[in-house]
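Participant: Below are the sequence and a predicted model; questions follow.
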Amino acid sequence: MSRKGRRIVLVCQCLVNPYCRVHLLGQNFPLSLELMDYLLRKNIGVIQYPCPETTAMGLMRNPQGRQQYDNIFFRSHCKELLKTPMLMVREFIHNRYRLCCFIGLENSPTCGIHWGAHKVNRYGTESPNPEDTPEKEGPVLMGIMAEIVAEELENEGMRVPFLEFPAQSQPGSEKRKRFWEDLEAAVAPIPREG
């Protein structure tokens, strides 16, 4: 394989290990298998970072919204967890691999790419449940870790697509089809010039 064909992606840990997801929301091994099978069949390397929710709060944590994670302590924790994976990204880039994209998780307060309006619980804080009605949509933000990944890549002068793995979407849905099309475009070999 030529050096131009060497590709890597950066992914959140629950896409490789679904047990890291909040226990109440369940795990989706078939979707993780589909994603990893796709990447590995195309000879694309996978760099994952440790799950910031699991490493901060353990496996038996309660589901929370982005609001609860948006604090200086959790952000500092995320930055610390990202140090080694970012060193790996730099090392691969230095050795002429191409970082194709970052893949986050749909509706994750830490690793999601499109965190919109969410319901408020009885305590007045954001819940992990999205609003049912589209007219209540607020600003679309990234999850906390996804924001930090974007900052780190920007600091390195790297611009890559940020894709959101549609784990909550139905098979055959437009959202799923769009994800696979976007991923295919992101990992496609770059045509040789000349």
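Facilitator: Sure thing, it's come through. All figures in this text were calculated on a predicted structure; none of them were measured in a lab. Numbering: from 1, shown residues only.

Participant: any chance you could map the strands in the chain?
Facilitator: Assignment of strands within the chain using DSSP state E yields the ranges 7-12, 44-49, 98-105, 118-120, 126-130, 162-165.

Participant: Take the ones you listed and lay them out in JSON lines including distance to residue 155.
Facilitator: C-betas here are computed from N, CA, C, even on glycine. Formatted as JSON lines, the strands of the chain follow (distance: least, CB to CB, whole Å):
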{"stretch": "strand 7-12", "distance to residue 155": "14"}
{"stretch": "strand 44-49", "distance to residue 155": "16"}
{"stretch": "strand 98-105", "distance to residue 155": "14"}
{"stretch": "strand 118-120", "distance to residue 155": "29"}
{"stretch": "strand 126-130", "distance to residue 155": "28"}
{"stretch": "strand 162-165", "distance to residue 155": "15"}
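
Participant: among those strands, which is nearest residue 92?
Facilitator: Using CB to CB as the measure, strand 7-12 is the one of those that comes nearest residue 92, at 5.2 Å.

Participant: for the strands of the chain, which one sits closest to residue 83?
Facilitator: Relative to residue 83, the nearest member of the strands of the chain by CB to CB is strand 44-49, separated by 9.3 Å.

Participant: Report the inter-axis angle for the closest one versus strand 98-105.
Facilitator: Calculated by axes from the mean of the first three to the mean of the last three CA atoms, to 10 degrees, strand 44-49 forms an angle of 50 degrees with strand 98-105.

Participant: what's in contact with strand 44-49?
Facilitator: 6-13, 15-16, 36, 39-40, 81-82, 84-85, 88-89, 92, 97, 100, 145, 149, 187 (CB atoms under 8 Å, 6 or more residues apart in numbering).

Participant: same question, stretch 144-153
Facilitator: For stretch 144-153, contacts defined as CB under 8 Å, 6+ apart pick out 10, 12, 49, 52, 66, 69-70, 74-75, 78-79, 81-82, 86, 99, 102, 104, 109-113, 141-142, 159-160, 162.

Participant: In helices, which of those residues appear?
Facilitator: Using DSSP state H, the subset of those located in helices is 52, 66, 69, 74-75, 78-79, 81-82, 86.

Participant: What subset of the residues you listed is buried?
Facilitator: Taking 16 or more other CB atoms under 10 Å as the criterion, what is buried in the ones in helices among the contacts of stretch 144-153 is 52, 66, 69, 74-75, 78, 81-82, 86.

Participant: circling back: just flag the most distant two among the ones in helices among the contacts of stretch 144-153.
Facilitator: Spatial extent of those (CB to CB) is set by the pair 66 and 86 at 22.2 Å.

Participant: Let me see the contact set for residue 67.
Facilitator: In this structure, residue 67 makes contact with 109, 125-126, judged by CB under 8 Å, 6+ apart.

Participant: Now a ChimeraX select for only the buried ones of these.
Facilitator: Written as a ChimeraX command, the selection of buried residues from the contacts of residue 67, which uses 16+ other CB under 10 Å, is:
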select :109,126
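
Participant: Would you format the contacts of residue 67 as JSON lines with pLDDT and distance to residue 22 included?
Facilitator: Formatted as JSON lines, the entries for these read as follows, by pLDDT from 0 to 100; distance: CB to CB, whole Å:
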{"residue": "109", "pLDDT": "93", "distance to residue 22": "10"}
{"residue": "125", "pLDDT": "78", "distance to residue 22": "16"}
{"residue": "126", "pLDDT": "77", "distance to residue 22": "15"}
